[in-house]
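Novice: generate coordinates for the sequence data below:
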Amino acid sequence: MPSNEDRAVAKRGGGPRTGVTASADTWSSPLYLHVGMPKTATSTLQQIYFARHPEIDYHALARKGGPYPKGGPFDAFVHWVRNSPDLETEREGHRAYLRSEIDAAGNGTHCRLISEERFTGHFGAGLQAKAALAHDLFPEARILLTIRHPVGHLVSNYLQHLKYQRAGQPPLPAFDTWVRRTLAQADDPLSYAQTLRVNDLVQTYERKFGPDKVLVLVYEEFRESPERFLARLSDWLGVEEATFLRLHHNRHTVRNPAPTRPEFVFWYLRQRWVNRGPSRVGAVLTKASQLGHRIDWRPAVRPSPESRALIERFTAPQYRALSQERGLGLEDYGYPGFAR
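Specialist: Numbering: from 1, shown residues only. All right, here's what the predicted structure looks like:
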């Protein structure tokens, strides 16, 4: 018979594995889906905490600390979710593979966790279609996502776009110009303005999975009070908090550190050569950009007061509504929408 602990796990969201006859030997651990958001310490959570906690059966790509290599079925699934405008085609093939992996897992662990931030991305089919896909593939899942102050979030997205400039795209302008253009195209489904509609994002997943099955964490709490953040996370996952704390205190590296001023300068110059094909200048700038992190200079981007004000006016209703509905206390971290 299932133990008391097994019953507690099932009460938190587990149950017999899909497609397996329910018995004392097939009691399943609960399933969680970590959907990002991107640029909210997802790489750090994935590689340092999720991948190394022995009570978590972790499903992700190898570069995120997971067991699935590039070029395999899981990698194909991730690219499909991110880019495909049609999430109906190929769905059954992905479903068969994923369910066979996930339903056979969780033996001896407290939870199974899939981590893939593409489920909150605005590319491809869009947020509504991706949330519907997540519920169709993993209806029993509980949802985990992290939000970030909109100014820092846009800066990070801008730098990511600058660092990985894609051929065929025009060079990025200065940050303040980019912000004005981005927010002026707020209705464009491909605009980064979509990443600022966080209350809409949370409500989308709440409607699909239920409000009690969605946990929202705050990036700034992770930066300022990591022990408290990790306590919330371990309680939600039903895993040992002490292990998260040990992993935190033993960490020796920072994943995806913010670029310094030299890196930014080289990235900014290098993008001018991206669309020109291989060139000696581009190769030199690429090599130099890789060395820039050795110089400890000022942060790479400093938004102007005008850009800050523009971002905060755009996002204030979203963060005010989210904080009030969820009791997140975003005013403690300087989020827009609250009297100062």
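
Novice: tell me who's in contact with the closest residue in space to V35 that isn't next to it in sequence.
Specialist: Nearest residue to V35, sequence neighbours excluded (CB to CB, 6 or more residues apart in numbering): F119, at 4.0 Å. Bear in mind the C-beta positions are built from the backbone N, C-alpha and C, glycine included. By CB atoms under 8 Å, 6 or more residues apart in numbering, F119 lies in contact with 33, 35-36, 81, 130-131, 133-134.

Novice: what about the nearest residue to R181 once chain neighbours are set aside, which helix or strand?
Specialist: The shortest distance from R181 to any non-neighbouring residue, by CB to CB, 6+ apart, is to P173 (7.4 Å). Assignment of secondary structure by DSSP states H and E places P173 within no helix or strand.

Novice: give me the distance between P173 and L190.
Specialist: 17 Å (CB to CB, to the nearest Å).

Novice: what sits against P150?
Specialist: 196, 311-312, 314-315, 319, 335-336.

Novice: quick check: the farthest pair among the residues you listed?
Specialist: Taking CB to CB, the two most distant members of those are F314 and Y335; they sit 12.7 Å apart.

Novice: between these two, which is the more surrounded one?
Specialist: Y335 (26 against 19; other CB atoms under 10 Å).

Novice: in this structure the more buried one contacts Y319, no?
Specialist: Yes: with contact defined as CB atoms under 8 Å, Y335 and Y319 form a contacting pair (4.6 Å).

Novice: low-confidence regions, this protein specifically.
Specialist: Low-confidence segments of the chain, defined by pLDDT under 70: 1-27, 106-108, 166-168, 252-300, 340.

Novice: most centrally placed residue in it?
Specialist: G36 (2.0 Å; CA atoms, centre = their mean).

Novice: before we move on, what SS does that residue have?
Specialist: Assigned by DSSP: H, G, I helix; E, B strand; the rest coil, the conformation of G36 is coil.

Novice: distance of it from K130?
Specialist: For G36, the distance to K130 - CB to CB - is 11 Å.

Novice: overlap of the contact sets of these two?
Specialist: Contacts common to G36 and K130, judged by CB under 8 Å, 6+ apart, are 118-121.

Novice: switch those over to a markdown table; also include secondary structure.
Specialist: What follows is the shared contacts of G36 and K130, written out as a markdown table (three-state DSSP):
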| residue | secondary structure |
| --- | --- |
| R118 | helix |
| F119 | helix |
| T120 | helix |
| G121 | coil |
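
Novice: closest to Q46 out of the residues you listed?
Specialist: Taking the shared contacts of G36 and K130 together and measuring to Q46 by CB to CB, the closest member is R118, at 12.9 Å.

Novice: residues contacting that closest one?
Specialist: So R118 contacts 36, 78, 81-82, 124, 130 (CB under 8 Å, 6+ apart).

Novice: now the buried members of these.
Specialist: 36, 78, 81-82, 124, 130 (16 or more other CB atoms under 10 Å).

Novice: which of those sit farthest apart?
Specialist: G36 and G124 (14.1 Å).

Novice: number of nearby residues for the residue lying closest to E224 once chain neighbours are set aside?
Specialist: Nearest in space to E224, with sequence neighbours left out and distances taken as CB to CB, 6+ apart, is Y333 at 7.7 Å. Y333 has 18 neighbours, counted by other CB under 10 Å.

Novice: distance of Y333 relative to V179?
Specialist: Per CB to CB, Y333 is found 20 Å from V179.
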